[in-house]
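In: build me a structure from this.
(chains A and B)
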Amino acid sequence: MVTRVDLENTYEKAKAAVAAATSLQQLDQVRVEYLGKRGKITSVLKTLGRLTPEERKEIGQVANKVRQNLEGDIKEKQEELSSEEVIKRLAAESVDITLPGREHVYGRRHLISQVIKEITDIFLGLGYKVAEGPEVELDYYNFKALNTPADHPARSLQDTFYIRKAGAHPADNDIVLRTHTSPVQIRVMKSQKPPVYIIAPGRAFRRDVPDPTHSPMFHQVEGLAVDKGITFGDLKGTLEEFSRQMFGRESQVRVVARESFEAGIAEGGQQIRLRPHFFPFTEPSAEVDVRCFACGGVGCRICGSGWLEILGAGMVDPNVLIEVGYNPEEVSGFAFGMGVERIAMLLYGVPDIRMFFENDLRFVKQF
Amino acid sequence: MLVSINWLKDYIDFDLSPEELSDKLNLTGTAVESIKHLGQDLGNVWVGIILDIKPHPNADKLSLTTVRIDRPEPLEIVCGAKNIKVGDKVPVATIGAHLPNGMEIKPAKIRGVTSYGMLCSKAELGMGADHGGIYILPDDIEVGVPLTKALLLDDTVIELEVTPNRPDCLSMIGVAREVGAITERKLRRPSVDLAESSEEASAVAVVEIIDPDLCPRYSARVIRDVKIGPSPTWMQQRLEKAGMRPINNIVDITNYVMLETGQPLHAFDFNTLHGGRIVVRRAKNREHLETLDGVVRELDESMLVIADADRPVALAGIMGGGDTEVSDKTADILLESAYFNPSSIMRTSRSLGLLSEASARFEKGTDPNGTVYAADRAAAFMAEFAGGSVDEGVIDVYPKTIEPRQVPLRTDRVNAILGTDISLDEIKNILRRLELEVEVIDGTTEMWVLAPTFRPDLEREIDLIEEIARIYGYNNIRSTLPESSGKQGGLNLRQKLAESVKGRLVGAGLSEVLTYSLMDPNDIDKLQVPKGDPFRWFVRLLNPLNEELSVLRTTLLANLIKVLKYNVNREQYDVQIFEVGHTFWQESGKDMPDEEAMLGIALTGAWEQDEWYEKARSADFFDLKGAVESVLDELDISNWSVRQFTHPALHPGRSAELLIGEESVGYFGELHPNVQADFDIPRTYVAELNFNKLIDNASIQKEFSEIPKYPGIILDIAVLADDSVSNDQVLEVIKAAGKPLLKSVRLFDLYKGKGVPEDKKSMAYSMVFRATDRTLTDEEALDSRDKIVNRLSKELGAEIRA
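Out: Purely as a prediction, here's the structure:
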């Protein structure tokens, strides 16, 4: 026969065991010892039936209270212990966050491709399409249709690569490595009616011995707009818009100095300057300088004069329009061409054009 | 064209500084390449006269000179040059001079003798590259004056880049005309005051033009009893500033008048011309002429010569002959002032590789109506500075007069092309400033413009519009954007796909390179390419720079391998690169070579680096195949397959041909060990795929497919098969046997070694079974697996461990 005092003593012991438990496992052992199926408190409750109603009432009340109290104690201890265990686990699982991450290694696009993309994106936004053409061209597309006279020095064997034709006399050679991407203009105009708004990025070839500023192969972006009422003012405006986007603050080109380009313009300066020049396939023609994006136009080591020459441009010569079957009295147009390597060299300070084609990965992966 | 500002002011007044003038010229189409202020840094440099020359007491190679300048006491100066003699006038840099080459003159003991200055060469004075010794000054120069004053060096020379359409600007008068147009000032043409003798030129000399198409005009004058000697210092100095070397009075005068007027002149020693005749004709084939430079040249009938009664005496418009050259003994001169057909001169000059100041002008077009003025101007100088007597009359053969051109011009057209609002009056004003006569058609804004013969570039309305634009000022034209009707920019689909493939390769770890479209044909040998292989269908250059760049590339491999080698040689051992570019080939019987865009890949070295979490791993065939598969995946191409590929450049057991459907689109594999050895490169993997065919096969149509509603059952099997059985064969059987419940199958392990017989391998596959209309039972899935197992063992003799 258990007494009230027995129960209270049991509870005190249980309470002490709960308090002494240092892990959830130990705590569970305590729970089983007192509250399990054969636990010390459970078994008291099981014997209640044998008692008198008075005893039952008294002992029952006490036993239930003791059980409730103990359950509460265990729960409290459980919470305490489990939060301690989490803390321990977290501590055990911590890592050196300064170890390098597992990074997938990416390659790089060639700098020339990146610059071409930047230029292309600008003109796509201005409503242009991209046209392409062969690198091996007929003299007709490369020179003749572009109003270049038969005895023009650019056509000489000194300046232009010719393809050797089996059995042909050297004078009959009429296949060249294109010396500019301008023949694409002719191909496009011959294949469609105006309006034409295209740019033609691509490779071009000149018979230059490689040195820091010359390469027998280089890249050009040629542009052409032919439509009703195209004017020289449109050419200027287009090139200004291009230079603002290419060299200004919104450019993706990662150069440090473009703030000064913006500053130079903010002070009321022109972004570009056109100087009259001569090209066979345009008239009037211009060489186009862009405000030096390194110094903003005050003159520096890179530009000297505050201006960087980066483009040739002009109004499409009427002879060219006639050659492709357009009527120069109905439509007019402008064309421009720029050297991609030169722009890349100026923008990024690349000292030698040959580096683009050596493809040293320490160069390629810089950009 | 080198232009002395002081000389220019003979013809035009302007009050611009050389820099201001240059800016204006730049913005109106005459590019100024350099501005050189002469006489700078020539303080304390004087004209001296050598009084005495003695050997240096302590040095064989030096001499001790006594030189007088403006000081009472002559100076003792040690000198190393040998080209001096007593009485020579020379530039003397005295103590305190800072020469243009950076040299500072201080009193110095040279081998024990004090030298009080330095006798100067041209190079030391910054006046050219003449290292031939001390600069011997002209005799008529005054001793003791500052050198800058004596040589008229208080001047600026600007260098102009004259475009080929503006031969008129290859003359001082032409440049002055430009300056006049810019500054709105009137040009001053020098008047010629020529006193003729009573002898008639035509009585002693005859000019005959046999080929008037090549020589439309030949004017000549006869000047007698000239005394050959130096030309006046001012003339010599002007020639020097223009970059020409003074020779003697007669030659200097012809050069001077050429520089002034743009009309090249030639002086023959009249008494050496047989028969007193000038015959302008085509050369005969294999006719010879020794030109002034001492070279005997073989001519042909495409070339125009000036002949006398018997033989050629000059290569027309290019260079005179040695036999008839003006010499110290020359007494009488026949002065030629002609107009030659520009392209004829250009062709001859090119084919002989012979350029001269004269040919540079004739080949761009001189003024056919300027010959007599230039001849008169030179004849007057010869009278004045060589004591000559000018015969009466110009012999002038000009069978068909070349008239100025009438060019129509519409005001509306000007403004339509330029986007301006320039008035008729303004147009007239600009054109007249350029010395073009304008005649407005009554009641209209249209006009006729008379283009003078010194402006051969003005033939069409657009040529005049350009003149108006450049003088009006390009930078004064308002900027606009085209007011287009319906232009839509954007890349086309192929271009977008091409960009995305390149982006995917970059994402896969490869870097893009760009190599020449040209290659070294010998590299094809290194690739072990047999005779007749398309890699040998070279497109050859007629005029290559060198053997290494003498053919167009027939494959991307060679140049990619070279890039790889370039990097490996520079301690960049891990190379993962690609290039998209054209290859070219020449089919026999075809005129035009073919070209095609290709994708090339090259890999070597580590694919994975040593990391704290994993070990390094070298690139192998399957990294290469993975790169190829990533391209196929980017383009959503699924109907591709590979088959064994044999090419002498590739490892026979590690190369594959890629097929899309039935079509071959390229190959990939390991380079043959011999090829690696020949190129001296480590183990390398390459691919070359037809880029256009890849793009052609891109699948661009995608449609939503239902996401599975019911769970699938995953079952794995291990297939123990002969080494010769391929993954593709196993997959084919599994897929066929697993229908319709098998939804996917994937190889997840491949094992050879302990527990597996020598000639066998174990391939483990994970399979997913699923029904689309219900939850599959385990029995159904196991049934399906059993069917697969049976078929594998029956068809491939494989043993299965489930």
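In: contacting residues for residue B:586?
Out: For residue B:586, the contacting residues are B:537-540, B:593-594, by CB atoms under 8 Å, 6 or more residues apart in numbering or on different chains. For every residue, glycine as well, the C-beta is placed using N, CA and C.
In: look at it and report its pLDDT.
Out: At residue B:586, the predicted lDDT confidence score is 92.
In: check residue A:350 too.
Out: 92.
In: just the buried ones among the contacts of residue B:586, please.
Out: The neighbour-count test (16 or more other CB atoms under 10 Å in any protein chain shown) applied to those identifies B:537-539, B:593 as buried.
In: want to throw these into a markdown table with distance to chain A, secondary structure and pLDDT?
Out: As requested, the buried ones among the contacts of residue B:586 are arranged in a markdown table below (distance: CB to the nearest CB, whole Å; DSSP: H, G, I helix; E, B strand; the rest coil; pLDDT from 0 to 100):
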| residue | distance to chain A | secondary structure | pLDDT |
| --- | --- | --- | --- |
| B:537 | 12 | coil | 94 |
| B:538 | 9 | coil | 95 |
| B:539 | 6 | coil | 95 |
| B:593 | 5 | coil | 94 |
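In: run a quick neighbour tally on the residue lying closest to residue B:639 once chain neighbours are set aside.
Out: Counting by CB to CB, 6 or more residues apart in numbering or on different chains, the nearest residue to residue B:639 once its immediate chain neighbours are dropped is residue B:661, at 5.4 Å. Taking other CB atoms under 10 Å in any protein chain shown as the criterion, the count of residues near residue B:661 is 10.
In: how about residue B:476?
Out: The local packing count at residue B:476 equals 10, with neighbours defined by other CB under 10 Å.
In: list phi and psi for it.
Out: Per-residue torsions, residue B:476: phi -90, psi 0 (degrees, to the nearest 10).
In: any idea how far the closest residue to residue B:294 other than its chain neighbours lies from residue B:312?
Out: Using CB to CB, 6+ apart and skipping the chain neighbours, the partner closest in space to residue B:294 is residue B:322 (6.7 Å). Between residue B:322 and residue B:312 the distance, using CB to CB, to the nearest Å, works out to 11 Å.
In: of the two, who's got more company?
Out: In terms of neighbours (other CB under 10 Å), residue B:312 is the more surrounded of residue B:322 and residue B:312; the figures are 25 against 16.
In: tell me who's in contact with that one.
Out: B:283, B:287, B:289, B:299, B:305-306, B:321.
In: equivalent analysis for residue A:328, please.
Out: Residues counted as contacts of residue A:328 (CB under 8 Å, 6+ apart) are A:318, A:321-322.
In: and chain B, which of the residues you listed contact it?
Out: Checking the contacts of residue A:328 against chain B by CB under 8 Å from any CB of the partner chain, the ones in range are residue A:318.
In: out of the contacts of residue A:328, who's the most crowded?
Out: Of all the contacts of residue A:328, the highest neighbour tally under other CB under 10 Å goes to residue A:321, namely 22 neighbours.
In: what about that residue, which helix or strand?
Out: With the criterion set as DSSP states H and E, the secondary-structure element containing residue A:321 is helix A:318-323.
In: now the element after that helix, going C-ward?
Out: Next along the chain from helix A:318-323, counting by DSSP H and E, comes strand A:332-339.
In: that following strand: how far from the chain's middle?
Out: Taking CA atoms, centre = their mean, to the nearest Å, one finds strand A:332-339 lying 28 Å from the centre of the chain it belongs to.
In: what's the neighbour count on residue B:699?
Out: The number of residues packed near residue B:699 is 10, by other CB under 10 Å.
In: low-confidence stretches in the stretch 301-450 of chain B?
Out: Residue ranges of the stretch 301-450 of chain B with pLDDT under 70: none are present.
In: close to chain A: what parts of it are there?
Out: Taking CB under 8 Å from any CB as the criterion, the contact residues of the stretch 301-450 of chain B with chain A come out as B:343, B:346-347, B:350, B:416-420.
In: I'd like to know which of those are buried.
Out: Buried among these by 16+ other CB under 10 Å: B:346-347, B:350, B:416-420.
In: and of these, the nearest to chain A?
Out: Nearest to chain A among these, counting by CB to the nearest CB, is residue B:419 at 2.9 Å.
In: list the buried ones in the helix of greatest length in chain B?
Out: In chain B, ranked by residue count with DSSP state H as the criterion, the top helix is helix B:778-796. Buried residues in helix B:778-796, counting neighbours by 16+ other CB under 10 Å, are found at B:781, B:784-785, B:787-789, B:791-793, B:796.
In: repeat for stretch A:326-333
Out: When neighbours are counted by 16+ other CB under 10 Å, the buried residues of stretch A:326-333 are found to be A:326, A:328, A:331-333.
In: nearest to residue B:614 among those?
Out: For these, the closest approach to residue B:614 (CB to CB) belongs to residue A:333, at 58.8 Å.
In: returning to what we had before: can you put the buried residues of stretch A:326-333 in CSV and add distance to residue B:87 and pLDDT?
Out: What follows is these, written out as CSV (distance: CB to CB, whole Å; pLDDT from 0 to 100):
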residue, distance to residue B:87, pLDDT
A:326, 73, 97
A:328, 70, 97
A:331, 74, 97
A:332, 70, 97
A:333, 69, 97
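In: quick check: of the residues you listed, which lies closest to chain B?
Out: So of these, ranked by how close each gets to chain B (CB to the nearest CB), first place is residue A:332, at 6.1 Å.
In: please name the nearest non-neighbouring residue to the closest one.
Out: Nearest non-adjacent residue to residue A:332, counting by CB to CB, 6+ apart: residue A:230, 4.7 Å away.
In: ditto for residue B:376
Out: Leaving aside its sequence neighbours, residue B:376 sits nearest to residue B:192 (CB to CB, 6+ apart; 4.5 Å).
In: show me what contacts residue 351?
Out: With no chain named, the answer covers chain A. Applying CB under 8 Å, 6+ apart, the residues near residue A:351 are A:212, A:345.
In: correction: the question concerned chain B.
Out: Residue B:351 makes contact with B:302-303 under the criterion CB under 8 Å, 6+ apart.
In: after the host helix or strand of it comes which helix or strand?
Out: Using DSSP H and E, residue B:351 maps to helix B:342-352. Under the assignment DSSP H and E, the closest C-terminal helix or strand after helix B:342-352 is helix B:357-362.
In: C-alpha coordinates for that next one, CSV please?
Out: Taking C-alpha atoms only, helix B:357-362 is exported to CSV below (Å, rounded to 0.1, in the frame of the first residue of the first chain):
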residue,chain,number,x,y,z
GLU,B,357,57.8,64.1,-107.6
ALA,B,358,56.8,64.5,-111.3
SER,B,359,55.0,61.2,-111.6
ALA,B,360,53.2,61.7,-108.3
ARG,B,361,51.6,64.8,-109.9
PHE,B,362,51.1,63.6,-113.4
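In: what residues sit buried inside that helix?
Out: Neighbour-count burial for helix B:357-362, with 16+ other CB under 10 Å as criterion, is recorded at B:358-362.
In: likewise stretch B:657-664?
Out: Neighbour-count burial for stretch B:657-664, counted by 16+ other CB under 10 Å, picks out B:657-658, B:660.
In: since that was my last question, I'll sign off now.
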